[in-house]
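In: after the sequence you'll find the predicted model.
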Amino acid sequence: MIQYLHCQKGFVESDHPTQGGWINIECPDTNDMLYLVEKLKVPASFLEALGDVDERPRYDTEAGWSLTVIRIPMPGAPDSPPYKTVPIGVLASPKVGAMVTVCFFKTPLIQDFIAYSQRRELTVSRSSDFVLHILFSATYWFLTYLRNMNRTVTGDERNLEHNVKNSDLLSLMRLQQSLVFFNTSLRGNQTLLERLHTVYGEDYDHDLHDDLETEMKQADNTVNVYTDILEGTMDTYGSIISNNVNLVMKRMTSITIVLMVPTLVASFYGMNVQGLPWAMLASSFWIVILIAFLLTIGTYIYLRRIKWF
């Protein structure tokens with residue numbers, strides 16, 4: 001889907017591309033790809049790179065075009081990590097005179113950035129500033145999703161305090177995977193920001209760059225803190241599960257010992273031999289039952305005293 005926008009107190013949608021405007025393409029189909037390659041003359045290698053879900057953040061130039069690849073977060077699919085990261089490309093060329101963004105996934109970031117630019121009445125005239133704004137928006141969404149993760153972890157911890165369920169443990173494990181994706185992508189974006197500082201020289205908004213650098217450090221620190229908390233939580237519940245298994249095994253062993261006593265007494269009197277005590281008495285059956293009962297009670301009391309029950 002192709003979306004044309006021009007900058008007028010924020011980015012506003014239009015029917016055609018404009019000088020100094022923005023061409024946004026999400027989930028490109030065959031016609032969109034032909035438009036990029038044949039009409040705009042975007043290098044096919046750039047589009048192939050953006051189609052790779054694992055493409056790392058980088059800056060590159062080819063055939064008069066510059067490509068800035070940024071990793072941005074988005075919600076994951078069901079039964080998978082709740083959040084993942086995907087690449088978005090910001091392309092610029094003096095021949096076209098407009099910024100071009102290409103993302104092979106539908107994410108909330110772009111539309112949120114458009115709404116934000118209108119609220120703040122942003123005026124973006126340089127491609128360098130546009131790239132920084134996209135990076136800033138990506139960092140904002142990283143922090144937003146991290147706060148969502150924190151709420152999910154808190155809820156799962158409360159559930160696990162009452163009952164350890166596999167679903168809650170799987171939820172924590174998937175959050176851990178999302179944090180790994182976030183950590184890798186944020187570090188890549190930070191490296192990209194350092195690279196852009198060299199590429200742009202003085203031709204960019206220094207205040208925006210400084211604010212972005214601060215936000216990225218905050219996001220990176222938040223990821224590290226949540227990772228440590230989640231690892232500690234997983235280790236704690238692993239220990240709890242192991243301890244619960246040991247308690248169950250101890251109780252099962254105690255029950256086995258208690259049941260073994262009457263079984264052992266009965267097995268003695270089940271032997272086909274002469275000379276068993278009280279074998280000739282009329283009340284021998286009840287005597288054997290009483291002995292087995294008393295030994296069982298004694299064994300139970302002993303196991304209770306050593307806290308095996």
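Out: Happy to help now that I have it.
In: low-confidence stretches in this protein?
Out: 160-161, 164, 273, 275, 309 (pLDDT under 70).
In: which stretches of it form strands?
Out: Counting by DSSP state E, the chain has strands at residues 2-7, 11-14, 22-26, 58-62, 65-75, 83-92, 99-103.
In: dump the fourth one to PDB, restricted to CA.
Out: Taking Å, rounded to 0.1, in the frame of the first residue of the first chain, the C-alpha atoms of strand 58-62 are listed here in PDB:
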ATOM      1  CA  ARG A  58      22.800   0.000   8.900                       C
ATOM      2  CA  TYR A  59      23.400   2.900   6.600                       C
ATOM      3  CA  ASP A  60      24.300   2.300   2.900                       C
ATOM      4  CA  THR A  61      24.400   4.100  -0.400                       C
ATOM      5  CA  GLU A  62      24.000   2.900  -4.000                       C
END
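In: what distance separates it from the centre of its chain?
Out: Its chain's C-alpha centre lies 29 Å from the corresponding centre of strand 58-62 when counted by CA atoms, centre = their mean, to the nearest Å.
In: one step back: the strands of the chain: which one's closest to Ile297?
Out: Proximity to Ile297 (CB to CB) singles out strand 83-92 among the strands of the chain, at 58.7 Å. For the C-beta atoms, the positions are set from N, CA and C on the backbone; glycine is no exception.
In: need the contact list for Leu67.
Out: The contact partners of Leu67, by CB atoms under 8 Å, 6 or more residues apart in numbering, come to Phe46, Ala49, Arg58, Tyr59, Asp60, Thr61, Gly89, Val90, Leu91.
In: what about it, distance to Val42?
Out: Here the distance between Leu67 and Val42 works out to 9 Å (CB to CB, to the nearest Å).
In: find residues that contact each of these two.
Out: Residues within reach of Leu67 and of Val42 at once, by CB under 8 Å, 6+ apart, are Leu91.
In: redo the contacts of Leu67 as a markdown table? Include distance to Gly238 and neighbour count.
Out: Converted to a markdown table, the contacts of Leu67 look like this (distance: CB to CB, whole Å; neighbours: other CB atoms under 10 Å):
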| residue | distance to Gly238 | neighbour count |
| --- | --- | --- |
| Phe46 | 45 | 23 |
| Ala49 | 40 | 17 |
| Arg58 | 38 | 15 |
| Tyr59 | 42 | 16 |
| Asp60 | 44 | 14 |
| Thr61 | 49 | 13 |
| Gly89 | 41 | 22 |
| Val90 | 43 | 22 |
| Leu91 | 47 | 24 |
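In: and stretch 253-260, what's buried?
Out: If you call a residue buried by 16 or more other CB atoms under 10 Å, then stretch 253-260 has these buried ones: Ser254, Val258.
In: can you list contacts of it?
Out: Identification of contacts with stretch 253-260 by CB under 8 Å, 6+ apart yields Thr296, Thr299, Tyr300, Leu303, Trp308, Phe309.
In: just give me how far that stretch sits from the chain centre.
Out: Taking the mean of its C-alpha atoms, stretch 253-260 sits 46 Å from the chain's own mean (CA atoms, centre = their mean).
In: then stretch 278-290?
Out: A distance of 69 Å separates the C-alpha centroid of stretch 278-290 from that of its chain, computed with CA atoms, centre = their mean.
In: list the buried ones in it?
Out: For stretch 278-290, a neighbour-count test (16+ other CB under 10 Å) marks Val288 as buried.
In: try stretch 212-229
Out: Of the residues in stretch 212-229, those buried by neighbour count under the rule 16+ other CB under 10 Å are Leu212, Glu213, Glu215, Met216, Ala219, Asp220, Thr222, Val223, Tyr226, Thr227.
In: quick check, nearest of the residues you listed to Tyr204?
Out: Using CB to CB, Leu212 is the member of these that sits closest to Tyr204, with 10.4 Å.
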